[in-house]
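Visitor: here is my input, please return the structure:
(one chain, ligands or ions: 1)
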Amino acid sequence: MIQGRDVVTLDTFSAEEIRHVTARARRMKAEGHGRPLVGRSLAMVFFDPSLRTRVSFDIAFSSLGGSVIDMAATRDLWPLAFGEGAVMDGLADEHVRDAAGVLSEYADLIAIRALDREGDWAQARQDLVIVSFQLHSSVPIFNMESVLDHPCQAFADALTLEEELGTLEGKKLALTWGWHPKARPLAVPHGVGLMASKLGMRTTIAHPEGYDLDGKTLATMRHAAAASGGSLDVVYDMDEALEQADVVYAASWGATRHHGRPDAEQAHRQPFRDWRLTTDRMAHTNGGRFMHAMPIRRNVEADDAVVDSAGSLIRRQAGNRLHVQRALFAEVLGA
Ligand code: CP
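Guide: Residues are numbered from 1 along each chain as shown. Here you go, the predicted structure:
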C-alpha cells in the first residue's frame, strides 16, 4: 500500500493507510516479525540530537535483519551546501545533491533529522534540509523530525491511541501547549494534529496568544477533520480544552512570528509559565489519559504526579515508536 513511498509528512497518507500501518504494527507487536530485511540497509543522518527516534529506528531496522549506519551530520559528513546552483567557495565541501545521490547508491532508505531554527518562519517552513534530500535521493526518505512534521511519532501516537481508546472517531483529543524554557519545534503538534484530524477525532488545540500553529498546516488539519467527520477547534485556555477530553497531549512549541529571534521569543513566552499540567487540571478530563512525545521537562510542562500517573501513556508511546517503525520499514520496502 505504501511501498516505495517517502515518509516525510503525515499529510501524504490517507486514514486508510495510517490504519493499515498501525494494524501491521499491532500484528508485529503481538506475533513477532522475522527478519525480512536481511541484505537491506538504512542510512541515518542526524543534524540534531535524538534518543527515541535514533534508537527505535536502529533497533527496528536491525531486528528485521537489516544493517544501519548512524551519522551525526556535523561530525561524520562533509559540511553541506543546499542552494541550487550554489557557488561553493565557502565552508561547505559537498552539495546535498551529491551527498543524497551517493547515499542512495549504498542504502535502501535514507532517514534525516533536521530541526533548522535559522531564519524567519517563511524561510524555515520550506524545510530545506529534508526537502533537498527528498529531491536528490533515488531511494525513499524517512523524516526523523523536521521543521514541519514528525510523521513517525504521529504513526506511533495513532497506535497508542487505538490501543487505549479503540476506535478514534468522535473521541476528544486536547492538544495543549505547555511552558518550556526553550522554543521547541512545531513538528510534533503538527503531526499529532494531522493524525487526529484524519482519524476522525474531535481535536481541541489550546495555546496562548501568539502560539498559533503554521497556517497552512492548520488549514490542512481543518480540511482533514471535515473530511473524516471529526472537528478541529482552537482555544486560548488550557482548562477549556481539557474539559471531558478523552486524552490530553502536551507539547511545547515556539511562536512562529519570532522564529529565528530567540530573545524576542523568550520575552513573549515568559507570562505563560502557568501553562503546566497538574492533577487538578487533569481531574476535569475523561479518564486522566496523558500523552507527550518526550523529552519532557518535569514539573515545568507537567507535574511529576501527572507524568507518573496511572493515566500516563508516555512510556507506551515511546515503546510504540519501535513497533510502528518495524511496520513502516517493512511496508515501504515491500517486505
Ligand atoms: N519523540 C522524539 O522524537 O524523541 P527524540 O527527540 O529523543 O528522538
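Visitor: count of neighbours near the residue in the stretch 151-300 of the chain positioned nearest to the ligand?
Guide: Across the stretch 151-300 of the chain, the shortest distance to the ligand (C-beta to the nearest ligand atom) belongs to A293, at 3.9 Å. Using the backbone N, CA and C atoms, a C-beta is placed for each residue, glycine as well. Neighbours of A293 under the rule other C-beta atoms under 10 Å: 26.
Visitor: what's the helix or strand for the closest residue to it other than its chain neighbours?
Guide: Leaving aside its chain neighbours, A293 sits nearest to V188 (4.7 Å; criterion: C-beta to C-beta, 6 or more residues apart in numbering). Using DSSP states H and E, V188 sits within helix 187-198.
Visitor: up against the ligand, what does this protein have?
Guide: Residues of the chain that fall close to the ligand, judged by C-beta under 6 Å from any ligand atom: 50-53, 145, 153, 293-295.
Visitor: just the buried members of these?
Guide: If you count burial by 16 or more other C-beta atoms under 10 Å, the buried members of the residues of the chain next to the ligand come out as 50, 52-53, 145, 153, 293.
Visitor: which of those fall within helices?
Guide: 52-53, 153 (DSSP state H).
Visitor: what's the first-to-last distance across stretch 92-101?
Guide: 17 Å (C-alpha to C-alpha, to the nearest Å).
Visitor: state the next helix or strand along the chain beyond the helix or strand containing R27.
Guide: R27 belongs to helix 15-31 when elements are defined using DSSP H and E. Per DSSP H and E, the first helix or strand lying C-terminal to helix 15-31 is strand 41-46.
Visitor: for that following strand, packing partners?
Guide: helix 52-63, strand 67-72, helix 96-106, strand 109-113 (3 or more C-beta pairs under 8 Å, 6 or more residues apart in numbering; DSSP states H and E).
Visitor: deepest in the core, which of these is it.
Guide: Highest mean neighbour count of these: strand 109-113, a mean of 26 (counted as mean count of other C-beta atoms under 10 Å).
Visitor: CSV for the buried ones among the residues of the chain next to the ligand, including distance to D246 and pLDDT?
Guide: Below are those laid out as CSV (distance: C-beta to C-beta, whole Å; pLDDT from 0 to 100):
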residue, distance to D246, pLDDT
S50, 29, 98
R52, 24, 98
T53, 26, 98
E145, 26, 98
Q153, 19, 98
A293, 18, 98
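Visitor: F61: which of the residues you listed is nearest?
Guide: Within these, the smallest distance to F61 is 12.3 Å, found for T53 (C-beta to C-beta).
Visitor: OK, contacts around that closest one?
Guide: Going by C-beta atoms under 8 Å, 6 or more residues apart in numbering, T53 touches 113, 144-145, 152-153, 321.
Visitor: swap the cut-off to 7 Å and go again
Guide: Contact analysis of T53 by C-beta atoms under 7 Å, 6 or more residues apart in numbering lists 113, 144-145.
Visitor: can you list the residues that contact the longest helix along the chain?
Guide: Longest helix in the chain by number of residues (criterion: DSSP H): helix 314-332. With contacts defined as C-beta under 7 Å, 6+ apart, helix 314-332 is touched by 1-5, 7, 21-22, 24-25, 28-29, 33, 36-37, 52, 56-57, 59-61, 64, 109, 140, 152, 155-157, 159-160, 291-292, 294, 296, 307.
Visitor: average pLDDT for it, rounded please.
Guide: Averaging pLDDT along helix 314-332 yields 98.
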